[in-house]
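Asks: sequence and predicted model, in that order:
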Amino acid sequence: MCGIVGIVSSEQVNQQIYDSLLLLQHRGQDSTGIATMEDSVFHLRKSKGQVREAYRTRDMRALRGSIGLGHVRYATKGAADREEEAQPFYVNAPYGIILVHNGNLTNTQELEKQLFNIDRRHTNSTSDTEMLLNVLATELQSQIVKNDLTPDDVFRAIRQVHQRVEGSYASIALIAGHGVLAFRDPFGIRPLVIGKRNNGSKQSDWILASESLVIENNDYEIVRDVAPGEAIFISSSGEFFSEQCSSNPQLFPCSFEYVYLARPDSVMNGISVYEARLRMGDFLAETIKREVSLGDIDVVMPIPDSSRPAAMQVARQLGIEYREGFFKNRYVGRTFIMPGQAQRKRSVRQKLNAMGTEFKNKNVLIVDDSIVRGTTSKQIVQMAKFAGANKVTFTSAAPPVRFPHVYGINMPTRKELIAHNRTTQEIASKLLIDKLIYQEVSDLEKSIIDNSQVEALDMCCFTGEYVTKMVTSEYLDWVEEEYSS
């Protein structure tokens, strides 16, 4: 999971992109990068760390141009602590291309061989984004049939990219002297939204971003989502072109976006994240009613922030008082997306504090968005009991995460997942929980889809069913070996 943004504007875009990345910071905190285009010249700045740390006044002044893109990185492929792995990535031919990518490719073994042995291209990192960029550059070069690049050339190249690349990819690229290209994988696993605004001329300003809140906060109008398999090309002068470039597009948005990753004030694929989380609470409450005696619960509490909507609905549906017992230090990043287990464990205590007066002598029902590794959950239970809770019932608005996620979320190995090959009772014992209750898989699916036009979700980490054909048991074994080496 990363956050990406691309803008074609009538004015300088450096500040717009910076502001957009601040809004997307929750999607990645390992590194960040901004690239702008001034005529045919690229200006690039990328750095480890968060957005506010990465750009000084002199950096912003150097990022000149009315076209640009930006990225915040949450490392799922490649080392988290190497600046060389930060995006955007650049190749000098054809024309010069800079690209950012949100997602994970699942056929990198084959692509690595193809790029070196057939395309004669060299990649200098372990990032699958650099692979994607070089595949795009190869196909774009092969499709240029006249002296200059046309939208038809671009769309033919993306058709070939879809043929060669598997996995999840929402991508934005700058093509020197020509404009911005955006494309989404044929399953639409990772989000990408289009916005525009009137700039007083014949052409509009355009923005593409991972989440709709970026579009609204920059005073653009939300147009629609980029469709699965679709490519968008916006010329330097603001002309907008689009074409479906996949022979069999199907929409399977990642369910974990709605559970945890996205901000609640975003709408993706026509689904409000906030409303989906409210519905998760409604369905979870029905499961809780079947599992426990409500007379044994005194208060309902959320783990801030992403579980708050679900917890509010649980309390409402159960008729039990809603209280805030955990308080968050907002200067500590999201523990789920921190790169190492030791750092996650250390950061939980720095991030949350339990207020004793809210726990003392109470039977507490805690609502969290999900339980992945169990690191956070176990410490939260210990904090609640240390603060004086009599009994802790722990509930998850998501089902058990039993299988690796290979489409852009950093949980690639089975052994790190607390629910893998364990029963609910075994998980509860390991996490020192008095009673553990999970959301049902079917209820999560209904919570997200509701009355939208989305017909199916990527729920691989809950069901073990993967929408791309390359994800086999052998592939998962290879991923685990790569991850542990």
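Replies: Sure thing, it's come through. Bear in mind that the values here come from a model prediction, so they are computed numbers and not experimental data. Numbering: from 1, shown residues only.
Asks: how does this structure divide into domains?
Replies: In terms of domains, the chain is parsed into 3-251, 271-484 (source: automatic domain parsing).
Asks: which one of the ones you listed lies nearest to residue 259?
Replies: Nearest to residue 259 among the domains of the chain is domain 271-484; the distance by C-beta to C-beta comes to 4.7 Å. For glycine as for every other residue, the C-beta is placed from the backbone atoms N, C-alpha and C.
Asks: start to end distance for the closest one?
Replies: In terms of C-alpha to C-alpha, to the nearest Å, the two terminal residues of domain 271-484 are separated by 36 Å.
Asks: return the distance of it from the chain's centre.
Replies: Between the centre of domain 271-484 and the centre of its host chain there is 17 Å, according to C-alpha atoms, centre = their mean, to the nearest Å.
Asks: any idea which of the domains of the chain scores lowest on pLDDT?
Replies: Comparing mean pLDDT across the domains of the chain, the lowest value falls on domain 271-484: a mean of 91.
Asks: give me the buried positions along stretch 101-113.
Replies: Of the residues in stretch 101-113, 101-108, 111 count as buried by neighbour count, 16 or more other C-beta atoms under 10 Å.
Asks: again with stretch 34-52
Replies: Within stretch 34-52, the residues scored as buried using 16+ other C-beta under 10 Å are 34-37, 42-48, 50-51.
Asks: need phi/psi at residue 246.
Replies: phi -110, psi 140 (degrees, to the nearest 10).
Asks: wait, it sits on residue 163?
Replies: No. The criterion here is C-beta atoms under 8 Å, and residue 246 misses it with residue 163 at 9.2 Å.
Asks: okay, those two: which has more neighbours?
Replies: Under the neighbour definition other C-beta atoms under 10 Å, residue 246 and residue 163 were set side by side, and residue 246 has more, 22 against 13.
Asks: just list the residues touching the more buried one, thanks.
Replies: By C-beta atoms under 8 Å, 6 or more residues apart in numbering, residue 246 lies in contact with 159, 162, 186, 228-230.
Asks: which of those residues lies closest to residue 133?
Replies: Distances from the contacts of residue 246 to residue 133 were compared by C-beta to C-beta; the smallest belongs to residue 162, at 15.2 Å.
Asks: now for residue 25, how many residues are close by?
Replies: Counted with other C-beta under 10 Å, residues neighbouring residue 25 total 17.
Asks: how near is it to residue 276?
Replies: Computed as C-beta to C-beta, to the nearest Å, the residue 25 to residue 276 distance reads 22 Å.
Asks: with residue 325 instead?
Replies: The separation that residue 325 has from residue 276, given C-beta to C-beta, amounts to 25 Å.
Asks: quick one: which two of the contacts of residue 246 are the most distant?
Replies: 159 and 228 (13.8 Å).
Asks: give me the more crowded residue out of those two.
Replies: Comparing residue 159 with residue 228 by neighbour count (other C-beta under 10 Å), the higher total belongs to residue 228, at 21 against 17.
Asks: tell me who's in contact with the more buried one.
Replies: Applying C-beta under 8 Å, 6+ apart, the residues near residue 228 are 184-188, 246, 249-252.
Asks: if we can go back for a sec, can you lay out the domains of the chain as JSON lines showing distance to residue 261?
Replies: JSON lines is the format used below for those (distance: least, C-beta to C-beta, whole Å):
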{"stretch": "domain 3-251", "distance to residue 261": "7"}
{"stretch": "domain 271-484", "distance to residue 261": "7"}
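Asks: what's the most buried one of those domains?
Replies: domain 3-251 (a mean of 21; mean count of other C-beta atoms under 10 Å).
Asks: distance between the ends of it?
Replies: The first residue of domain 3-251 is 20 Å away from its last residue (C-alpha to C-alpha).
Asks: repeat that for stretch 74-92.
Replies: Start-to-end, stretch 74-92 (C-alpha to C-alpha) is 26 Å.
Asks: go on, stretch 249-265?
Replies: According to C-alpha to C-alpha, stretch 249-265 extends 27 Å from its N-terminal end residue to its C-terminal end residue.
Asks: next one: stretch 36-54
Replies: 16 Å.
Asks: repeat for stretch 302-322
Replies: Taking C-alpha to C-alpha as the measure, stretch 302-322 stretches 9 Å from start to finish.
Asks: identify all contacting residues around it.
Replies: Among residues not part of stretch 302-322, those counted as contacts by C-beta under 8 Å, 6+ apart are 259-260, 264, 274, 277-282, 284-286, 288-289, 294, 297-301, 324, 326-328, 352, 365-369, 376, 380, 395, 397.
Asks: and residue 205, which of the three is it?
Replies: strand (DSSP: H, G, I helix; E, B strand; the rest coil).
Asks: quick one: it and residue 6 touch, right?
Replies: No. Applying C-beta under 8 Å, one finds residue 205 not in contact with residue 6, separated by 11.7 Å.
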